[in-house]
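Engineer: sequence first, predicted coordinates after that:
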Amino acid sequence: MIDKFVTNKIAELTIEGEKYSLPIIEGTEGEKAIDIRKLRQETGYITLDSGYMNTGSCTSEITYLEGSKGILNYRGYAIEDLAENCSFVEVAYLLLHGHLPTADEYQHFSNLLGRFALIHEDMIHFFDHFPPNTAPMAILSSMVNSLSNFYPEMAENPIEDIDIMATRLISKVRTIAAFTYKKSMGWPLVYPRHDLSYCANFLNMMFDSPVKPYVINDEVVAALNKILILHADHEQNCSTSTVRLVGSARVNLYASISAGISALWGPLHGGANQAVVEMLEDIYASDGDYQTYIDRAKNPDDPFRLVGFGHRVYKSYDPRSIIIKKACDDVLEALNVSDPLLDIAKELEEVALNDEFFIERNLYPNVDFYSGIIYRAIGIPSNMFTVMFALGRLPGWIAHWKEMWDDPNWRIGRPRQIYVGPKHRPFIPKEEREKKDR
Ligand code: CMC
């Protein structure tokens, strides 16, 4: 796929007086890259780019984001339009297929989500053997990996039917997520129902109980749809890159996604949504003293960071955070809930956005800053927040895994390094070693 985007422009590189020409690649939205695929072969040099700040690992047709302008498009559609007009299931279909589903395609896809909702009964015993208080992300990652043994046919013939492959995983992860919560509370499991939509089904599995039937609330279903859409893809972020890298070794989809879930768990990535609410709770407990947190975040000797702020790519507003902030107000109003954490979050945002430290570094609220307040209003406990992020990100991970798998230019992911350890030295037998030899 890359060769299609090579332009007739070139970049010139001079190394120790020797000149090299490197092709320039241009994407459909005008993003430019220097094609260094032959760099090492022709020059003997590699590039060094810690944290991959400047390195494109692939071309992709799935998501476009322009961090300086706050633009995020899935398959060419603006996130604002999708969040306003679509269900999560439609967006999942879009990410996987490249087009929005027709009514028939949508029905077929939804039927499959209903059909695959159960997990093998033997898997339910797994939940009983995790120690109490196991992090739900650890359970989710383990359970998804073990799906490869319960449903091995997909591992053997991975992309025979993308709808079956994707719906099986998206549907079962929803069930696993809800069961994880029920088990953590010691409450009876509620099985999925074929007659409910994707989000309503999840909420029912989470909150229905033999002693108090759950009443499905359309506002809550709409809020959940929106929040999952906003999380559905974000091009080559840490977890998606992990899914691609693990999958590039030709491991099955379940194992690749399980690795992605582990990456997402980190507090600098998806784990930030839980950390934000914990930070806001701490501020609330200290009578709203947010200034201490702002001062700590600015102190170069303190590793503390204002969670929910900053982004590797967005150097202006994260468009998702604008939509989520508005959704927060709408959901809380619709449910008649008043959450003091929302007021603290808004004050914190206001103070940070007017502070030189944050202005100079282009630090704005990211997707994780307000999402936890919606989850709280819906009744989802904070240790499940990152699981919710994973539920949303699944279609994106699967779409990227498939794109990588189908790419004719696919190679196993294998970065290089610059070795800076000891030079070659003679081996010393054990009896002759002295401390000074180290
Ligand atoms: N609070 C205080 N200072 C910050 C923050 C923050 N949240 N984020 C970045 N900075 C400072 C950082 O100290 C550095 O300052 P200096 O130039 O003086 O050393 C400067 O801004 C650049 O930061 P960086 O660490 O080079 O930026 P990065 O692109 O490597 O990191 C980040 C991006 C998201 C990991 C980081 O902004 C961060 O740690 N944010 C808090 C955690 C968070 O909210 N994560 C969720 C990210 S969005 C959703 C997702 O990916 O899952």
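Structural biologist: On my side now, so go ahead.

Engineer: distance of the one residue in the stretch 301-438 of the chain that gets nearest to the ligand relative to Ala352?
Structural biologist: In the stretch 301-438 of the chain, the residue that lies nearest the ligand is Gly310 (2.3 Å; Cβ to the nearest ligand atom). C-betas here are computed from N, CA, C, even on glycine. Going from Gly310 to Ala352 by Cβ to Cβ, to the nearest Å gives 10 Å.

Engineer: same check, this time on Pro136
Structural biologist: 29 Å.

Engineer: ok, and the closest non-adjacent residue to Arg250?
Structural biologist: Spatially, and ignoring its direct neighbours in sequence, Arg250 is nearest to Ile412 (7.8 Å; Cβ to Cβ, 6 or more residues apart in numbering).

Engineer: give the contact list for the one you found.
Structural biologist: Ser248, Ala249, Arg250 (Cβ atoms under 8 Å, 6 or more residues apart in numbering).

Engineer: identify, from those residues, the entry nearest to the ligand.
Structural biologist: Ser248 (21.2 Å).

Engineer: so the closest one sits right up against Gly413, yeah?
Structural biologist: Yes. Counting by Cβ atoms under 8 Å, Ser248 does reach Gly413; the two are 4.2 Å apart.

Engineer: so for these two, which residue has more residues nearby?
Structural biologist: Set Ser248 next to Gly413 and count neighbours by other Cβ atoms under 10 Å: Ser248 wins out with 20 against 16.

Engineer: helices of the stretch 201-350 of the chain, start to end?
Structural biologist: 218-231, 238-247, 253-265, 272-285, 290-298, 319-334, 340-353 (DSSP state H, counting those that start in this stretch).

Engineer: got the angle for the helix or strand encompassing Trp405 vs helix 218-231?
Structural biologist: Here Trp405, judged by DSSP states H and E, is contained in helix 385-406. In terms of direction (axes from the mean of the first three to the mean of the last three Cα atoms, to 10 degrees), helix 385-406 departs from helix 218-231 by 50 degrees.

Engineer: mind checking pLDDT for the residue of the stretch 51-200 of the chain found nearest the ligand?
Structural biologist: Proximity to the ligand, evaluated over the stretch 51-200 of the chain using Cβ to the nearest ligand atom, is greatest for Gly51 at 6.0 Å. You'll see Gly51 listed with a pLDDT of 96.

Engineer: against Thr63, how distant is it?
Structural biologist: Relative to Thr63, Gly51 is positioned 20 Å away (Cβ to Cβ).

Engineer: with neighbour numbers in mind, choose between the two.
Structural biologist: The residue with more neighbours, out of Gly51 and Thr63, is Thr63; 22 against 8, by other Cβ under 10 Å.

Engineer: wait, that one touches Tyr74, no?
Structural biologist: Yes. Using Cβ under 8 Å, Thr63 makes contact with Tyr74 at a distance of 5.5 Å.

Engineer: need the overlap of contacts for these two.
Structural biologist: Leu95, Asp233.

Engineer: so the residue of the stretch 51-200 of the chain closest to the ligand sits in a strand?
Structural biologist: No. Counting by DSSP: H, G, I helix; E, B strand; the rest coil, Gly51 is not part of a strand but helix.

Engineer: list the contacts for it?
Structural biologist: When contacts are taken as Cβ under 8 Å, 6+ apart, Gly51 is in contact with Arg312.

Engineer: quick revisit: please compute how far the helix holding Trp405 lies from its chain's middle.
Structural biologist: How far helix 385-406 lies from its chain's middle: 7 Å, per Cα atoms, centre = their mean, to the nearest Å.

Engineer: does that helix come close to the ligand?
Structural biologist: No. Residues of helix 385-406 are not located near the ligand by Cβ under 6 Å from any ligand atom, the shortest gap being 7.0 Å.

Engineer: quick one: work out the angle between that helix and helix 253-265.
Structural biologist: Using the same axes, to 10 degrees, helix 385-406 lies at 130 degrees relative to helix 253-265.

Engineer: what mean pLDDT does helix 385-406 get?
Structural biologist: Mean pLDDT, helix 385-406: 97.

Engineer: kindly report the same for stretch 189-199.
Structural biologist: Over the span of stretch 189-199, the pLDDT mean works out to 96.

Engineer: roughly how far is it from the heart of the chain?
Structural biologist: Centre to centre, stretch against its chain (Cα atoms, centre = their mean), the figure for stretch 189-199 is 24 Å.

Engineer: now swap in stretch 324-340 and tell me
Structural biologist: The answer for stretch 324-340 is 24 Å, by Cα atoms, centre = their mean.

Engineer: what's in contact with that stretch?
Structural biologist: Applying Cβ under 8 Å, 6+ apart, the external contacts of stretch 324-340 come out as 217, 219-220, 223, 226-227, 230, 284, 342, 365, 367, 369-371, 373-374, 376-378.

Engineer: please redo it, this time with the cut-off set to 10 Å
Structural biologist: 83, 217-220, 222-224, 226-227, 230-231, 280-281, 283-284, 288, 317-318, 341-342, 345-346, 349, 365-379 (Cβ atoms under 10 Å, 6 or more residues apart in numbering).

Engineer: coming back round to it: can you put the contacts of Ile412 in JSON lines and add pLDDT?
Structural biologist: Shown next, in JSON lines, are the contacts of Ile412 (pLDDT from 0 to 100):
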{"residue": "Ser248", "pLDDT": "96"}
{"residue": "Ala249", "pLDDT": "96"}
{"residue": "Arg250", "pLDDT": "93"}
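
Engineer: quick check: closest non-adjacent residue to the residue of the stretch 101-250 of the chain found nearest the ligand.
Structural biologist: Minimum separation of the stretch 101-250 of the chain from the ligand (Cβ to the nearest ligand atom) falls at Asn237, amounting to 5.3 Å. In space, and not counting its chain neighbours, Asn237 is closest to His269: 7.0 Å by Cβ to Cβ, 6+ apart.
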